[in-house]
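Student: Next one to model:
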Amino acid sequence: NMAYLRVCRRFMATKVVLHAPSAAVHGAEGVPTVLDPACSKFINYMMVSGKKTVAQRIFNNAIALIKAAELARVNPANKPKSQATDIQPATPQDPLAIFHAAIGNVRPIIGMTKLRKSGQILQVPQPLSPQRSTALAMKWIIQSARDKKGKPMDEKLYAEIMDAYKNEGGAIRKKVDMHKMAEGNRTNLSMRV
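Tutor: Numbers count the residues shown, from 1 in each chain. Model prediction:
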C-alpha cells in the first residue's frame, strides 16, 4: 500500500493528464461529433472494413461543409444590396441540429415484416420502434450518398444530408416507397401476430 501511495503522489506531482481531448473528439471547425451518440452510430454504420478513422474524417468533413453552407447562407456580405437593411439577418443553424433534423425527416413510421401463412409469404405492415426507424434512416442516407457518382464521399454525404433536411433526395424516396408499400398491404393487417 505504501508503494502504491508513493506512485500516486509522484504521479500527482507530475500533473500528467490522463485524457486530453484529441482532434478526433471535435470535428472540422470545432463541432463536437464523437460526444453525440447519434453521430457515433452514424459513423459506425458508415465504416467499411473496420476503418473508423476514415469514416470519422468523412463525417466530420460533411459536418464542416454543412457549417460552411450555413455561414454562407446567413453572411450579409453575400446578399444582394437590393434587400432591405432593416431586416434582421438569419442566424446560422447548428450543423448537428441539421443532421438530427435530416435523420428525423427520413425516419419511417411503419415497416414491413414477412409472415408465412398457408404456404404464402405475406408482407404485413408493423409500426417500427424508434431505434429501428433511426437505424433505417441512417442506413438509407448513407446508401443514397454512396449511390451518387462523381464526387468525394464527404461531398456526397453533405448533399444527401441537406436533401434529407429539405425532404428531398434518395433517402426520402425510400421512406415514401416503404409507406406506400405498407399502404398497399394494409389488407394483411388482420394477419398480424
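Student: CA atoms for contacts and neighbours, from now on please.
Tutor: Will do.
Student: Buried residues of the helix or strand harbouring Ala68, list them for me.
Tutor: Assigned by DSSP states H and E, Ala68 belongs to helix 52-74. Residues of helix 52-74 classed as buried by neighbour count (16 or more other CA atoms under 10 Å): 55-67, 69-71, 73.
Student: and the following helix or strand past it, average pLDDT?
Tutor: Moving toward the C-terminus from helix 52-74, the next helix or strand (DSSP H and E) is helix 95-106. Computed over helix 95-106, the mean pLDDT rounds to 92.
Student: same question, stretch 70-90
Tutor: Rounded mean pLDDT across stretch 70-90 is 62.
Student: how about the helices of the chain, start to end?
Tutor: With helices called from DSSP state H, the chain shows them at 2-14, 37-46, 52-74, 95-106, 130-147, 153-165, 170-184.
Student: which one of the ones you listed has the lowest average pLDDT?
Tutor: helix 2-14 (a mean of 58).
Student: ok so, going back, out of the helices of the chain, indicate the one that is most buried.
Tutor: helix 153-165 (a mean of 22; mean count of other CA atoms under 10 Å).
Student: quick revisit: make JSON lines from the helices of the chain and add distance to Gly119 to it.
Tutor: Shown next, in JSON lines, are those (distance: least, CA to CA, whole Å):
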{"stretch": "helix 2-14", "distance to Gly119": "70"}
{"stretch": "helix 37-46", "distance to Gly119": "36"}
{"stretch": "helix 52-74", "distance to Gly119": "44"}
{"stretch": "helix 95-106", "distance to Gly119": "34"}
{"stretch": "helix 130-147", "distance to Gly119": "28"}
{"stretch": "helix 153-165", "distance to Gly119": "39"}
{"stretch": "helix 170-184", "distance to Gly119": "21"}
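Student: what's the closest of those helices to Gln120?
Tutor: Among the helices of the chain, helix 170-184 comes nearest to Gln120, with 16.9 Å by CA to CA.
Student: From the contact counts, what lies against that closest one?
Tutor: helix 95-106, strand 110-117, strand 120-127, helix 130-147, helix 153-165 (3 or more CA pairs under 8 Å, 6 or more residues apart in numbering; DSSP states H and E).
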